[in-house]
Structures are given as structure tokens and as C-alpha cells.
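Visitor: sequence first, then the predicted structure:
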Amino acid sequence: MNYTYLPSSPYSNYPVIIMTTNPASRKTSNLVTNPNVSLLVHDWVSHRPPTHGRRPSGGSPSPEHRSSLASLLLNLNTSALSSISATIGGAARLVPSGTEEEKYYREQHLENNTFDESATQPFQRENGPVEDGGRSCFVAGEEVRVVSVDIKDVRISDWKGTVRDWEIVPEGNTVNGTQ
């Protein structure tokens, strides 16, 4: 599943994660029935050098682009970044179709998920590769619904068993900087 992390948005007071889904899927039915979601993110290999990028000479690989969600995790707890697991809790909703909000989120999601045509695609349709890397059917297609998840809290645990809970409080809900 492709996602886009937006630290701010004109349509939410919280940081959001944008995803797309098939409107006829079980996932969509579940989100409508119960919008409370938890997204589990592992970062066990963030500082481990990638194995596929090594040069034949044995030199170090070039640094890889870090996803925006990995950047979020980096900013949340850098001391445990080399081996953390994070559970992101929030409220999901289907963004109303045909709205400016949907257009904005879809554009942000497309910009973040530019699929490389030369990349290996393990799941190709029988009639050949998808020319745009699946972009039109997984992100831009009319049969796709945009899902917005307002991030409310994060629980981070490290390999030592240390657990830290973080709650996102919108700026407007504080008095003198405290809740």
C-alpha cells in the first residue's frame, strides 16, 4: 500500500497520512464502520546499509531517499531510531469525492508516489507491465477513494522494551503552550 505523510494540511488540524483504496474493498467497509485505526511501522533497518545498492567494487552504497513517514519517526525519537517500532493511532475517513480536499490530497499523494518505470514490479498484470507503474489505477483512477488518517497519537517501542507514548495536540487546543 502506498501512503503519503503530510505534517500539515489545510484540511486538518493534525498531521495526516493519505492512502487510496478501492471503494468496493473490505478495507473501505471496515473504515466506514470503525474509523479508529492503528498503523504499525517498523524501522529495524533504518541505519543498516541496503544490500541491493552495493557497488561491485565493495564500496558503500549511495544514500537512499528516506520516506516522509521515516522522517516523521526520525523527528519523534532519534535516540532509538536504529531499532524502533511505532504504532500510529488515528481517525480515518473517506475524503468526499469531487471536492477540493480530495483534489489536494490526490495531488499530494501522486507527487509523493512517483513510480519508477524501470523498477522491478513483482505483481504485473498478465498483459504486460503497467506503463505508469500502477499510478493511474492505485492513486489517480476514478475508481479509487482517497482516505485521510488524522494522526492522534504515536507509541514508540525500542529493542530494549522502552515504550514512549506521544499525543498530538492541535495548536488551537492549548493554553500558554500546555493542554
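Guide: Looks like it came in fine. Numbers count the residues shown, from 1 in each chain.
Visitor: now do the nearest residue to residue 13 once chain neighbours are set aside against residue 31, distance only.
Guide: Excluding its sequence neighbours, the residue lying closest to residue 13 (CB to CB, 6 or more residues apart in numbering) is residue 170, at 3.7 Å. Yep, even glycine has a C-beta here, placed from its N, CA and C like the rest. From residue 170 across to residue 31, the span is 22 Å (CB to CB, to the nearest Å).
Visitor: looking at the two, which one has more neighbours?
Guide: In this view residue 170 and residue 31 are compared by other CB atoms under 10 Å, and residue 31 has more residues nearby, 21 against 12.
Visitor: please pull out the lowest mean pLDDT helix or strand from the protein.
Guide: helix 135 (a mean of 49; mean pLDDT, DSSP states H and E).
Visitor: now the element after that helix, going C-ward?
Guide: Using DSSP states H and E, the next helix or strand after helix 135 towards the C-terminus is strand 145-158.
Visitor: in its sheet, what does that following strand sit against?
Guide: Sheet partners assigned to strand 145-158 using DSSP bridges are listed as strand 16-21 (antiparallel), strand 84-94 (antiparallel), strand 163-167 (antiparallel).
Visitor: could you export the last one as CSV, CA atoms only?
Guide: Extracted C-alpha coordinates of strand 163-167, given in CSV (Å, rounded to 0.1, in the frame of the first residue of the first chain):
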residue,chain,number,x,y,z
VAL,A,163,7.9,2.4,25.4
ARG,A,164,7.1,6.1,24.9
ASP,A,165,3.7,7.5,24.2
TRP,A,166,3.2,10.7,22.3
GLU,A,167,-0.1,12.6,21.8
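Visitor: show me what the top helix by length along the chain is packed against.
Guide: Identified as the longest helix of the chain according to DSSP state H is helix 100-112. Counting contacts by 3 or more CB pairs under 8 Å, 6 or more residues apart in numbering; DSSP states H and E, helix 100-112 packs against strand 3-6, strand 16-21, strand 145-158.
Visitor: so residue 28 sits in a strand?
Guide: No - per DSSP: H, G, I helix; E, B strand; the rest coil, residue 28 lies outside any strand segment and is helix.
Visitor: got a list of what it touches?
Guide: 21-22, 94, 145 (CB atoms under 8 Å, 6 or more residues apart in numbering).
Visitor: and residue 103, which of the strands paired with strand 145-158 is closest to it?
Guide: strand 16-21 (12.2 Å; CB to CB).
Visitor: now that closest one against helix 100-112, angle please.
Guide: On the basis of axes from the mean of the first three to the mean of the last three CA atoms, to 10 degrees, strand 16-21 is oriented at 90 degrees to helix 100-112.
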